[in-house]
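Peer 1: Quick one: sequence plus predicted model below, questions after.
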Amino acid sequence: MAVNLLDFDLEGLTAFCDRLGEKRFRAIQLYRWIHQKGQPDFEQMSDLARSLRGKLASQAEVRALPLISEHVSADGTVKWLFDVGAGNAIESVFIPEADRGTLCVSSQAGCAVGCRFCSTGHQGFSRNLGTGEIVAQLWFAEHRLRQRLQLSVGGRAIDNVVMMGMGEPLQNYDALLPALRTMLDDHGYGLSRRRVTVSTSGVVPMIDRLRADCPVALAVSLHAPDDRLRDSLVPLNRKYAIDELLHACTRYLDAAPRDFITFEYCMLDGVNDAVEQAQALVQLLKPRLRCKINLIPFNPFPASGLVRSSRERVLAFAQVLQDAGLVTTIRKTRGDDIDAACGQLAGEVQDRTNARERLARQRVIAIQPARPIPLPADGRGLEQRA
Ligand code: SAH
Ligand code: SF4
């Protein structure tokens, strides 16, 4: 099978080119063609020697993920569903804001952590994505959006990546690391370390590895102020308890591109949203480390048996944190009309027994996007929509 060049960071591509008898500057040219120009066709890479183009065509490819559907929300949020084989699908979501564009990227099909409030967790774990499958989400979204938004040459659609789609990125570390490097590389997407965020439910040893290998912004999904409650919401807590997790966060701050850790806290009615629990959170975090708290309104799904906290309860909780001097934000829910909000991603996709029918059903959805997206004149991407 052809080598997928999306699997390589620049070092990997340099090694691959070396095996072809090509110098590093050729690898840089090739890498720029792929990631900066979005060109998958070696023939079109006009400044590469014909002989190299020939070698690439026979041995390599830029393997995009087959697109199942593309939905655009009334608020401009775009959700793409990609087929990753064997009846599994993953999602990526683009969230436009006034001053920036954020892409939410998946790292696994399903997730093994099994958090109670997360529909991905309820699906169970199917498999890790490869580096190329993680990068393909950004590759596709960036170049798709550049065409759609008709950005000028050098214009960029995505300046923020958050690893907050499906899956636990730190349980797929070996694939994640080269993907992060391509996001950061000046010859790749050139994103700032502060604008690439890994979100984790708390895989302590891997937080330390990330700190050593590639410190980007870190978000930790906390969701509870004590171990008893966190054990029941985030089962990984039974392995890495809160105290151990906060020690790892403090160590991470030495190398982090920002001088705080973000803690995510999903607001569940009557479970973790009492004023006393906000006070306990202050006691837990304030003396220990610089942090920001992001309160996420729970996105309900029937199997969870959980309910979203009322706006009043969220505000009262936030007030306690703010009064204690903890910087607190309440996440806006975006893309609600297309099920693109946190924890709703590909919630119903995994079903190996009925993979074909299910994919067929999803394709039906694709015919009726909330708002049609004009396709590029050259028809690129069309074959993936069929
Ligand atoms: N596995 C990683 C990253 C993916 S989940 C992690 O857990 O951090 C991204 C964020 O969405 C996490 O903070 C997660 O707790 C939150 N989330 C999951 N399900 C949710 C739901 N139903 N409603 C709101 N937020 C949810
Ligand atoms: Fe996995 Fe994150 Fe969902 Fe927990 S919240 S099940 S870690 S994706």
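Peer 2: Noted; the coordinates are in hand. Numbers count the residues shown, from 1 in each chain. Ligands and ions are numbered 1, 2, ... in the order given.
Peer 1: after the biggest helix by length in the chain, next one along is what?
Peer 2: The longest helix of the chain (DSSP state H) is helix 131-148. Downstream of helix 131-148, the first helix or strand assigned by DSSP states H and E is strand 160-163.
Peer 1: List the residues that contact residue 182.
Peer 2: Listed by Cβ atoms under 8 Å, 6 or more residues apart in numbering, the contact set of residue 182 reads 8-10, 35, 131, 135, 188-189. (C-beta placed from N, C-alpha, C; glycine too.)
Peer 1: The same query, at a cut-off of 7 Å, please.
Peer 2: Contacts for residue 182 were tallied using Cβ atoms under 7 Å, 6 or more residues apart in numbering; they are 9, 35, 135, 188-189.
Peer 1: Could you check how many residues crowd around the spatially closest residue to residue 198 that is not a sequence neighbour?
Peer 2: Distances taken as Cβ to Cβ, 6 or more residues apart in numbering place residue 163 nearest to residue 198, at 4.8 Å, with adjacent residues excluded. Neighbour count for residue 163, taken as other Cβ atoms under 10 Å: 26.
Peer 1: what about the longest helix of the chain, distance to the chain center?
Peer 2: Averaged C-alpha coordinates place helix 131-148 at 12 Å from its chain's average position (Cα atoms, centre = their mean, to the nearest Å).
Peer 1: That helix and ligand 1, any residue contact?
Peer 2: No. Helix 131-148 stays clear of ligand 1 (Cβ under 6 Å from any ligand atom), getting no nearer than 12.9 Å.
Peer 1: what sits up against that helix?
Peer 2: By Cβ under 7 Å, 6+ apart, helix 131-148 touches 4, 6-7, 35, 38, 63-65, 80, 84, 92, 94, 103, 105-107, 155, 157-158, 161, 175-176, 178-179, 182-183, 189, 373-374, 376, 381.
Peer 1: And those, which of them are buried?
Peer 2: For those, a burial check counting by 16 or more other Cβ atoms under 10 Å picks out 4, 6-7, 35, 38, 63-65, 80, 84, 92, 94, 103, 105-107, 157-158, 161, 175-176, 178-179, 182-183, 189, 373, 381.
Peer 1: how about residue 181, what does it touch?
Peer 2: Going by Cβ under 7 Å, 6+ apart, residue 181 touches 9, 214.
Peer 1: neighbours around the residue in the stretch 151-300 of the chain positioned nearest to ligand 2, how many?
Peer 2: The nearest approach of the stretch 151-300 of the chain to ligand 2 comes at residue 201, 3.6 Å away (Cβ to the nearest ligand atom). The local packing of residue 201 (other Cβ under 10 Å) involves 27 other residues.
Peer 1: Could I get the full set of strands for this structure?
Peer 2: Assigned by DSSP state E, the chain shows strands spanning 3-4, 60-61, 67-72, 78-83, 89-96, 101-104, 108-110, 125-128, 160-163, 196-200, 217-221, 261-267, 291-297, 327-330.
Peer 1: need those strands in JSON lines with distance to residue 17 and mean pLDDT, can you?
Peer 2: Listed next are those as JSON lines, based on distance: least, Cβ to Cβ, whole Å; pLDDT from 0 to 100:
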{"stretch": "strand 3-4", "distance to residue 17": "11", "mean pLDDT": "98"}
{"stretch": "strand 60-61", "distance to residue 17": "10", "mean pLDDT": "98"}
{"stretch": "strand 67-72", "distance to residue 17": "29", "mean pLDDT": "96"}
{"stretch": "strand 78-83", "distance to residue 17": "28", "mean pLDDT": "96"}
{"stretch": "strand 89-96", "distance to residue 17": "29", "mean pLDDT": "96"}
{"stretch": "strand 101-104", "distance to residue 17": "28", "mean pLDDT": "97"}
{"stretch": "strand 108-110", "distance to residue 17": "30", "mean pLDDT": "97"}
{"stretch": "strand 125-128", "distance to residue 17": "26", "mean pLDDT": "97"}
{"stretch": "strand 160-163", "distance to residue 17": "26", "mean pLDDT": "98"}
{"stretch": "strand 196-200", "distance to residue 17": "25", "mean pLDDT": "98"}
{"stretch": "strand 217-221", "distance to residue 17": "31", "mean pLDDT": "98"}
{"stretch": "strand 261-267", "distance to residue 17": "38", "mean pLDDT": "98"}
{"stretch": "strand 291-297", "distance to residue 17": "42", "mean pLDDT": "97"}
{"stretch": "strand 327-330", "distance to residue 17": "44", "mean pLDDT": "97"}
